[in-house]
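A.B. asks: Pasting the sequence and the predicted model now:
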There are 2 protein chains.
Amino acid sequence: MNAGLAPVRPESLAAQVCNALKDAIFAGRLQPGEALRELHLARSMDVSQSTVREALVQLERIGLVVREQNRRTTVTSFTKREVRERLEVRMALEEMAAAKAAVNLTREDLAALEGLADRIERAANRGDHFDYVQADIRFHRVLWQHSGSAVLATTLDQLTTPLFAFLSVLHSAELKDLRTAKPHERLVAAIRSRNEQRIRKEIRAHIQGSYGRFLSSDEETLDEFAAGGIRNVNGRGGSRKRR
Amino acid sequence: MNAGLAPVRPESLAAQVCNALKDAIFAGRLQPGEALRELHLARSMDVSQSTVREALVQLERIGLVVREQNRRTTVTSFTKREVRERLEVRMALEEMAAAKAAVNLTREDLAALEGLADRIERAANRGDHFDYVQADIRFHRVLWQHSGSAVLATTLDQLTTPLFAFLSVLHSAELKDLRTAKPHERLVAAIRSRNEQRIRKEIRAHIQGSYGRFLSSDEETLDEFAAGGIRNVNGRGGSRKRR
DNA sequence: AGAACAAGAATTATCGATAATCGATGGAAC
DNA sequence: GTTCCATCGATTATCGATAATTCTTGTTCT
């Protein structure tokens, strides 16, 4: 009787608020380090404080904001060190996921991946940083979801979502030239080959390529990096001291 | 001026509720699959529903409960498959953490580890399942925290906490004989040797030893497994059907 | 009996208001 | 000038009440 209809279950208000904020963060309308005040958000989005609050807790779980007890909650701002740490763990798991996915992916899946790689390519050519990152996320999510391990998929998701967010603002802040060596195409080719070693190698190269510039720079926090020379919005962010 | 006093910041009500529930889950007073009703908990713990609600969200983040939109929230009950998935990811990361920690651990740290290994040993001998698991957690946390990667530590924590919880109820349910081949002592010895391969090997052996019985059994969910033959509390739990 | 439907009970989601906490500011005491 | 203290505005934490949803049960109609 079921004709492939997904069960409809409208999002809760809190989830909607959460998504709206997530988009704002990815789009850079909320900058790393910026404070999110519950009542302000509640008023401007026309919901109650508790709803916003719950959304913020969700965002904290995703890693996009940091809540400080009795103080405030701010958009996550990574130190270089933390980006490195995340990338290290990510690489290990991403390799695992890609190797597993290579076994499971059908011809259609591979075609879908190439579609995404193509979309990424086009976004890069026209300098659309936002769409670039969105498609990039989807590309990787496809791999994760076909790894056959839900745990692996969600772990990677948690680990990576904030990285993507900051990669996004990072790119647009420095007007990075996105046209690189078609890393996604290369990756798909590697997966097609079903050669585990080759896949692992491409994964590493791919990830390192995306973050290399930041990791080899000297700025301590990502928002300082993004702000470098371009903007200095209003004295917030990145001003807390290193000991 | 500072004489090593930690900054005092009393836990929020929600956090207290969260901890209380966590303990109850670890102690088995809340069984896998059991439903947690917000208002009931609020009344019995004398806080408001919202506070309980927030605590439940926190617990969900840790992975100890599952919240279903507009329905209910239940204590997490893993399928065998999910336990396997978690263990697989865990092993990869735990190896990484142990290898890194081996470089950083001081003589004092190693002594602390041996203290914990000893405590585990004693708990095993007197059949104290609860303390066994608590010390086991601490043991591993020490390793994670000395890995030098906060990301690695929190990822492992998220991944593993629910496993420990269910290991705990599992053990006490089946009155497992805890006296095994002193895996923690072996692990400490391996770390002392600073031999990466040996460390990785012991880590794998250690983890597989803890879960081997469950992974090779036939029951589908952990609570069915725990309930097998011993109790059948009151018809709840594990009754939702496989398709 | 079985399907369709209609209350009714139970539970979660959301709200608006109050309490607790924090950080800044400014003045008094030394 | 610096330390201490009091106060105030802003923000988060918690509460109690209401709205919306889901689940259950009972009834009617076939």
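C.D. replies: Perfect, thanks for sending it. Numbers count the residues shown, from 1 in each chain, chains lettered A, B, ... in the order given.
A.B. asks: Let me see the domain layout of chain A.
C.D. replies: What the record gives for chain A is the domain set A:13-76, A:80-222, from automatic domain parsing.
A.B. asks: end-to-end on the shortest one?
C.D. replies: This means domain A:13-76. Its first and final residues considered, domain A:13-76 spans 23 Å by CA to CA, to the nearest Å.
A.B. asks: That domain near DNA strand D anywhere?
C.D. replies: Yes. On the criterion CB under 7 Å from any atom of the strand, domain A:13-76 is in touch with DNA strand D at A:35-40, A:49-50, A:53, A:67, A:69-73. C-beta: built from backbone N, CA, C; applies to glycine.
A.B. asks: Just the ones in helices from the residues you listed, please.
C.D. replies: A:38-40, A:49-50, A:53 (DSSP state H).
A.B. asks: Widest-spaced pair of these?
C.D. replies: Largest separation among these by CB to CB: A:40 and A:50, giving 14.5 Å.
A.B. asks: give the contact list for the residue most central in space within chain A.
C.D. replies: Residue closest to the average C-alpha location in chain A (CA atoms, centre = their mean): residue A:164, at 2.3 Å. Shown here is residue A:164, whose contacts under the criterion CB atoms under 8 Å, 6 or more residues apart in numbering or on different chains are A:26, A:133, A:136-137.
A.B. asks: Now render the residues you listed as JSON lines, adding distance to residue A:198 and secondary structure.
C.D. replies: Formatted as JSON lines, the contacts of residue A:164 follow (distance: CB to CB, whole Å; DSSP: H, G, I helix; E, B strand; the rest coil):
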{"residue": "A:26", "distance to residue A:198": "32", "secondary structure": "helix"}
{"residue": "A:133", "distance to residue A:198": "26", "secondary structure": "helix"}
{"residue": "A:136", "distance to residue A:198": "21", "secondary structure": "helix"}
{"residue": "A:137", "distance to residue A:198": "23", "secondary structure": "helix"}
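A.B. asks: from chain A, which residue is nearest to DNA strand C?
C.D. replies: When distances are taken as CB to the nearest atom of the strand, chain A reaches nearest to DNA strand C at residue A:13, 3.0 Å away.
A.B. asks: so what's that residue closest to, chain neighbours aside?
C.D. replies: If you skip the residues right next to it in sequence, residue A:13 has residue A:51 as its closest partner in space, 5.1 Å away by CB to CB, 6 or more residues apart in numbering or on different chains.
A.B. asks: now do residue A:144
C.D. replies: Ranked by CB to CB, 6+ apart and with sequence neighbours excluded, the top spatial neighbour of residue A:144 is residue A:153, at 4.0 Å.
A.B. asks: contacting residues for that neighbour?
C.D. replies: Applying CB under 8 Å, 6+ apart, one finds that residue A:153 lies in contact with A:97, A:141, A:144-145, A:147.
A.B. asks: Would you confirm that it belongs to a helix?
C.D. replies: Yes. The assignment for residue A:153 by DSSP: H, G, I helix; E, B strand; the rest coil puts it in a helix.
A.B. asks: quick revisit: just the buried residues out of the ones in helices among the residues of domain A:13-76 next to DNA strand D, in PyMOL syntax.
C.D. replies: Paste this into PyMOL to select the buried members of these, with burial taken from 16 or more other CB atoms under 10 Å in any protein chain shown:
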select buried, chain A and resi 38+53
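A.B. asks: For residue A:114, give its distance to residue B:116.
C.D. replies: 51 Å (CB to CB, to the nearest Å).
A.B. asks: Who has more neighbours out of the two?
C.D. replies: For the pair residue A:114 and residue B:116, the greater number of neighbours falls to residue B:116 (21 against 16), based on other CB atoms under 10 Å in any protein chain shown.
A.B. asks: Kindly list the main-chain dihedrals of residue A:63?
C.D. replies: Recorded main-chain torsions at residue A:63 are phi 90, psi 10, according to degrees, to the nearest 10.
A.B. asks: Who are the contact partners of the residue in chain A positioned nearest to DNA strand D?
C.D. replies: At 3.6 Å from DNA strand D, residue A:38 is the closest residue in chain A, using CB to the nearest atom of the strand. By CB under 8 Å, 6+ apart, the contact set of residue A:38 is A:49, A:52-53, A:56, A:73.
A.B. asks: need the residues you listed in a markdown table with distance to residue B:81, can you?
C.D. replies: As requested, these are exported to a markdown table (distance: CB to CB, whole Å):
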| residue | distance to residue B:81 |
| --- | --- |
| A:49 | 40 |
| A:52 | 37 |
| A:53 | 35 |
| A:56 | 33 |
| A:73 | 36 |
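A.B. asks: Quickly check those for the two that are furthest apart.
C.D. replies: When CB to CB is used, the two most widely separated members of the contacts of residue A:38 are A:49 and A:73, lying 12.6 Å apart.
A.B. asks: Going along the chain, name the strands of chain A.
C.D. replies: In chain A, strands defined by DSSP state E lie at A:65-68, A:72-75, listed in chain order.
A.B. asks: ok, for residue A:14, nearest residue in space, not its chain neighbours?
C.D. replies: Once flanking residues are discounted, residue A:14 sits nearest to residue A:54: 4.1 Å by CB to CB, 6+ apart.
A.B. asks: make that residue A:9, sorry
C.D. replies: When the adjacent residues along the chain are set aside, residue A:9 lies closest to residue B:69, with 6.1 Å between them (CB to CB, 6+ apart).
A.B. asks: Then residue A:65?
C.D. replies: In space, residue A:65 comes closest to residue A:59 once its chain neighbours are excluded; the distance is 4.5 Å by CB to CB, 6+ apart.
A.B. asks: ok, the one you found - contacts?
C.D. replies: Residues in contact with residue A:59 (CB under 8 Å, 6+ apart) are A:18, A:21-22, A:65.
A.B. asks: Which of the residues you listed are buried, as a ChimeraX select command?
C.D. replies: Typed into ChimeraX, the next command selects the buried ones out of the contacts of residue A:59 (criterion: 16+ other CB under 10 Å):
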select /A:18,21,22,65
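A.B. asks: Redo the contacts of residue A:59 as TSV? Include pLDDT.
C.D. replies: Conversion of the contacts of residue A:59 to TSV gives the following (pLDDT from 0 to 100):
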residue	pLDDT
A:18	96
A:21	96
A:22	95
A:65	96
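A.B. asks: so which of the contacts of residue A:59 would you say is closest to residue B:5?
C.D. replies: Residue B:5 has its nearest neighbour among the contacts of residue A:59 in residue A:65, at 29.4 Å by CB to CB.
A.B. asks: if I read this right, residue A:132 contacts residue A:122, doesn't it?
C.D. replies: No. Between residue A:132 and residue A:122 no contact is recorded; they are 9.2 Å apart, counting by CB atoms under 8 Å.
A.B. asks: How many neighbouring residues does residue A:15 have?
C.D. replies: By the other CB under 10 Å criterion, the neighbourhood of residue A:15 contains 15 residues.
A.B. asks: what's near enough to touch it?
C.D. replies: The neighbourhood of residue A:15, defined by CB under 8 Å, 6+ apart, consists of A:55, A:58.
A.B. asks: Just the endpoints, please. Distance across stretch A:59-73?
C.D. replies: The first-to-last residue distance of stretch A:59-73 comes to 10 Å (CA to CA).
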